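Student: Build me a model from this:
(2 chains)
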Amino acid sequence: MRMSKSFVPTLKEVPADATVASHQLLVRAGYIRQLSAGIYSILPLGQRAILKITGIVREEMDAIGAQEFYLPALNPREIWEESGRWSVMGENMFRLKDRKGADLCLAMTHEEIFTVLARAELRSYRQLPQTWYQIQTKFRDEPRPKSGLLRVRQFTMKDSYSFDMNREGLDQAFEAHRQAYVKIFGRCGLKTVQVDAHSGAMGGSGSTEFMVATDAGEDLIASCEACGYAANTEKAESRVETPDKYKAAGASPALDEFATPGVTTIEALSKAPHGVAADQQLKTLVYLGDEQPLIAIVRGDDQLNEAKLQTASGASVLRQAHAEEIQKWLGAKPGSLGGVGLGEKANLRVFVDSRLAGLSGLVTGANKDGFHLRNVSVPRDLAHAKSVDLRTVNAGEGCPRCGKPLVVGKALEVGHIFKLGTRYSESMGARVLDEGGKEVPIVMGSYGIGVERILAGAVELHHDQDGIRFPMSIAPFHLALLPLQMQDAAVRDAAEKIYLDLTAAGVEVLLDDRDERAGVKFKDADLIGLPLRIAVGKKGLADGKIEWKVRGGKDVEFVPLAEVVARVQAAVRAGGGTLRK
RNA sequence: CGGGGCGUAGCGCAGCCUGGUAGCGCGCCUGCCUUGGGCGCAGGAGGUCGGAGGUUCGAAUCCUCUCGCCCCGACCA
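Tutor: Next comes the predicted model:
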């Protein structure tokens, strides 16, 4: 491609609203432009990179026997009602009406639509297993789009779905996807870690996320360098010492209500005149799980993990209660809440973090504004509460497997694989006959990759002060060819010949034939980030040579014109790129 | 949703507090010059000051409402 005829709008200055590297660089280098919050236009360079990525995804999916589909993004309400997700998805789903007033939505994912196909067409165990996929646009009305392509409202997803007779089949499909994903991300130049994850609105029995460690990411993952344990902090567990340090000597003293006027936070209660240490306090939080009240109790210095509460309660939609709701159920405002005495209220489900099991001598709110209770014994006073893991792990706590300290770091989710089981086949009636002629629900899996996130993640991982440093495999072109003196006919002609020769040899070349100064071309080439660069200048040409430089490398090497084509072809292959036929 | 910030030329910003001519840098156009890391000089084009209403003789500036965007906390490829 010739730069003089191309739309590659590079910018000298960093866009004001971009904070993360991938956002800044993709805008500056002319790959993307923002249309609205979380909605981006992909420009020609960006589209070429995206096509490289989807090409890799397609190859690896095809390699595990998956078949490519293309399903509608515009969906009728009815099928989402069948799975129950018309309401579960809440405000995250874009909804609209057609001219007749019928409800439609823009699909966030395609479990429902693929299940509709499966139930209509799959009748027998003989037709299984199947793996179906598509590369298609998804719509999610994120509450807070951010960081350029990292979190958007419209994006491209590779989503696939496996259909099996039983658990074993699902396990095989899951494993095939895991291995395909490792190859995909590896080929795209991403270093990923696999972590245990929360399944969220997808449902199902288990899931693994593929994460790229980067500060630009929004997830926190806990990992153990000693044994390899890794989990999203939504799910991660840890070993913590929880001695019964506030237990009274002798018989457990009775509950004692005491006045704490104006004290509504853990921190305030820990200060004078009360001086109750945070680890002696119980933090009581009120949620609604599928519109039913839930009480969650964790230690005062711990953080409640909402994902764990959701899992423990079995709720598909979880939200914090409003102050009025809390007042109605517990009779007090936040700050004076507690789980003691809630056993009689049958409509309130109470959960207490498992680290608190057996402890006594604790302090909690009295469900009476301005009062707390001391001498709380969990086995005696919170016997009605279900003991479950509710807390969020912290860095330095013991690995649940080996006990060595956990490390917590930020990461970007680029892929997620789920064992759905029969979550959709049962709710939507997708069944086949087994060998015995008995009707059984299909066992399903669901597997997703965020395509633009691969692009952005690669930029996060591969850039420097001067710009992007794309891996060969996903770079929009293999090589930048820079004639340095456009006024010099010999330089122009030499560059033109190299361009034609390389193109004929299957190399994707971006020829900077603009009438610009050398400095401008160097700067733009660095910014755009193609892995190879050939400069054609008067100096080298006098000796019949060009200047060869690898993006990010230090050295410039003079290479004879006759060797250029073979040299470039070898470098493209070595870098994981593909020559055009 | 809770909290904070910003909307002025294609991009980055000043002007606003204290009302009166809309400005700077980059980019763009023309000419000359220069030509190996975002050259130089000269001339030029380009603006509903996010929108609506109000106060005022007069509003980018003050007031009210509203829309949009960004960032920090709760949600997900």
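
Student: Contact partners for A:F258?
Tutor: Contact partners of A:F258, counting by Cβ atoms under 8 Å, 6 or more residues apart in numbering, are A:371-374. Every C-beta, even on glycine, is put in place using the N, C-alpha and C of the backbone.

Student: Check the burial of A:A73 by counting its neighbours.
Tutor: Here the number of neighbours of A:A73 (other Cβ atoms under 10 Å) works out to 17.

Student: on that earlier part again, by neighbours, which of the contacts of A:F258 wins?
Tutor: A:H372 (26 neighbours).

Student: helix, strand or coil for that one?
Tutor: Under DSSP: H, G, I helix; E, B strand; the rest coil, the three-state class of A:H372 is strand.

Student: Quickly note the distance from it to RNA strand B.
Tutor: Separation of A:H372 from RNA strand B (Cβ to the nearest atom of the strand, to the nearest Å) stands at 25 Å.

Student: Was I right to think A:A66 contacts A:S160?
Tutor: Yes: applying Cβ atoms under 8 Å as the test, A:A66 and A:S160 come out as touching, 5.5 Å apart.

Student: what sits in contact with each of those two?
Tutor: A:131-133.

Student: By residue count, what's the longest strand in chain A?
Tutor: As assigned by DSSP state E, the longest strand anywhere in chain A is strand A:407-421.

Student: Mind giving me the packing neighbours of it?
Tutor: Under the contact criterion of 3 or more Cβ pairs under 8 Å, 6 or more residues apart in numbering; DSSP states H and E, strand A:407-421 touches helix A:167-187, strand A:192-196, strand A:206-213, strand A:219-223, strand A:443-450, helix A:451-461.

Student: Swap in 7 Å and give it another go.
Tutor: Counting contacts by 3 or more Cβ pairs under 7 Å, 6 or more residues apart in numbering; DSSP states H and E, strand A:407-421 packs against helix A:167-187, strand A:206-213, strand A:219-223, strand A:443-450, helix A:451-461.

Student: what sits against the residue of chain A found nearest RNA strand B?
Tutor: Scanning chain A for proximity to RNA strand B using Cβ to the nearest atom of the strand identifies A:G537 as nearest, at 1.8 Å. For A:G537, the contact set (Cβ atoms under 7 Å, 6 or more residues apart in numbering) comprises A:484-485, A:491, A:547.

Student: Settle it for me: which of A:A66 and A:S160 has more neighbours?
Tutor: Legend: neighbour count by other Cβ under 10 Å for A:A66 and A:S160, higher for A:S160 (28 against 24).

Student: Spell out which residues of the stretch 351-500 of chain A are next to RNA strand B.
Tutor: By Cβ under 7 Å from any atom of the strand, the residues of the stretch 351-500 of chain A that approach RNA strand B are A:413-416, A:418, A:448-450, A:452-453, A:466, A:484-485, A:487.

Student: Name the nearest of these relative to A:P76.
Tutor: Nearest to A:P76, judged by Cβ to Cβ, of those is A:G448 at 22.3 Å.

Student: Just give me the neighbour total for A:E13.
Tutor: Using other Cβ under 10 Å, A:E13 is surrounded by 7 other residues.

Student: Where does it sit: helix, strand or coil?
Tutor: Going by three-state DSSP: A:E13 is coil.

Student: Next one: the nearest residue to it once chain neighbours are set aside, what pLDDT does it get?
Tutor: Excluding the flanking residues, the one nearest A:E13 by Cβ to Cβ, 6 or more residues apart in numbering is A:R28, at 7.8 Å. Per-residue confidence (pLDDT) for A:R28: 96.

Student: And for A:L461?
Tutor: A:L461 is assigned a pLDDT of 97 by the prediction.

Student: Pull the contacting residues for A:G544.
Tutor: A:560-561 are the contacts of A:G544 under Cβ under 7 Å, 6+ apart.

Student: Wait, the residue nearest to A:E13 touches A:L527, no?
Tutor: Yes: contact criterion Cβ atoms under 7 Å: A:R28 and A:L527 qualify, at 6.2 Å.

Student: any shared contact partners between these two?
Tutor: Common neighbours of A:R28 and A:L527 (Cβ under 7 Å, 6+ apart) are A:T10.

Student: okay, the closest residue in space to A:T131 that isn't next to it in sequence: pLDDT?
Tutor: Leaving aside its sequence neighbours, A:T131 sits nearest to A:A66 (Cβ to Cβ, 6+ apart; 4.2 Å). Turning to A:A66, the model gives it a pLDDT of 98.

Student: give me phi/psi at A:A66?
Tutor: Dihedral angles of A:A66 (phi, psi; degrees, to the nearest 10) stand at phi -80, psi 150.

Student: Endpoint to endpoint, stretch A:348-367 covers what distance?
Tutor: Using Cα to Cα, to the nearest Å, one end of stretch A:348-367 lies 14 Å from the other.

Student: So what's the gap between stretch A:386-401 and the chain middle?
Tutor: 22 Å (Cα atoms, centre = their mean, to the nearest Å).

Student: ditto for stretch A:381-389
Tutor: That offset, for stretch A:381-389, works out to 33 Å (Cα atoms, centre = their mean).

Student: That stretch: which residues count as buried?
Tutor: A:381-382, A:384-385, A:387, A:389 (16 or more other Cβ atoms under 10 Å).

Student: Send me it as PDB with only the CA atoms.
Tutor: Provided in PDB are the C-alpha atoms of stretch A:381-389 (Å, rounded to 0.1, in the frame of the first residue of the first chain):
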ATOM      1  CA  ASP A 381     -25.800 -15.700  68.100                       C
ATOM      2  CA  LEU A 382     -25.400 -16.400  64.400                       C
ATOM      3  CA  ALA A 383     -26.400 -20.000  64.400                       C
ATOM      4  CA  HIS A 384     -29.100 -19.200  61.800                       C
ATOM      5  CA  ALA A 385     -26.500 -17.800  59.400                       C
ATOM      6  CA  LYS A 386     -25.000 -20.000  56.700                       C
ATOM      7  CA  SER A 387     -21.200 -20.200  56.800                       C
ATOM      8  CA  VAL A 388     -19.600 -19.600  53.400                       C
ATOM      9  CA  ASP A 389     -16.500 -18.100  51.900                       C
END
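
Student: Give me the mean pLDDT for it.
Tutor: 92.

Student: same question, stretch A:144-156
Tutor: For stretch A:144-156, mean pLDDT is 95.

Student: which residues are in contact with it?
Tutor: The contact list for stretch A:144-156, computed with Cβ under 7 Å, 6+ apart, reads A:18-20, A:22-23, A:26, A:32, A:37-40, A:135, A:137-142, A:216, A:218, A:412, A:450-453, A:455-456.

Student: ok, 6 Å please
Tutor: A:20, A:22-23, A:37-39, A:137-142, A:451-452, A:456 (Cβ atoms under 6 Å, 6 or more residues apart in numbering).
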